[in-house]
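Student: Pasting the sequence and the predicted model now:
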Amino acid sequence: TTHKAQGQTMQCTIIDLESCSGTEAPYIMLSHVTSLDGLLILCPFNKKKICCRQSKDTCLEEQRQHVLAQQT
C-alpha cells in the first residue's frame, strides 16, 4: 500500500494509478522505485490522477517570470 511505501526504497514495484485518490498517493508510490525498469503500471490511467491544478501563487510567479523574460 501507499503508506507501507513511505520511507522505503524499492527496486521493483507494481502500481495501479487508476485506483489512487489524490495526487499524493501516486507521487509516493512512484518516487520510491529506484528505476523505470523496476516499475510496472497495471493499466492505463487518467492523466488527472498524477496532475493537479497549479496554485494561484504558482500561476502568478510564472506570469512574473514570463514578464521578466520578455524584458531581458
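Tutor: Looks like it came in fine.
Student: Would you state the predicted confidence (pLDDT) at the most centrally placed residue in the chain?
Tutor: Against the mean C-alpha coordinate of the chain, by C-alpha atoms, centre = their mean, the closest residue is residue 27 at 4.1 Å. Per-residue confidence (pLDDT) for residue 27: 79.
Student: how far away is it from residue 65?
Tutor: 24 Å (C-beta to C-beta, to the nearest Å). To be clear about C-beta, it is placed using only N, CA and C from the backbone, and glycine gets the same treatment.
Student: which ones are touching the residue nearest to the centre of the chain?
Tutor: If a contact means C-beta atoms under 8 Å, 6 or more residues apart in numbering, then residue 27 has residue 50 as its contacts.
Student: Going by secondary structure, it is in what exactly?
Tutor: Assessed by DSSP states H and E, residue 27 sits inside helix 24-31.
Student: Just the buried residues of that helix, please?
Tutor: Neighbour-count burial for helix 24-31 flags 25-26, 28-30 (criterion: 16 or more other C-beta atoms under 10 Å).
Student: Closest one of those residues to residue 59?
Tutor: Ranked by distance to residue 59 (C-beta to C-beta), the buried residues of helix 24-31 are led by residue 26 at 22.5 Å.
Student: Distance check, the closest one against residue 13.
Tutor: Distance, residue 26 to residue 13, using C-beta to C-beta: 12 Å.
Student: swap in residue 7?
Tutor: Residue 7 is 14 Å from residue 13, by C-beta to C-beta.
Student: Who has more neighbours out of the two?
Tutor: residue 13 (16 against 8; other C-beta atoms under 10 Å).
Student: Show the contacting residues for that one.
Tutor: Per C-beta under 8 Å, 6+ apart, neighbours of residue 13: 5, 29, 32-33, 38-40.
Student: try 7 Å this time
Tutor: Shown in contact with residue 13 (C-beta atoms under 7 Å, 6 or more residues apart in numbering): 29, 33, 38-39.
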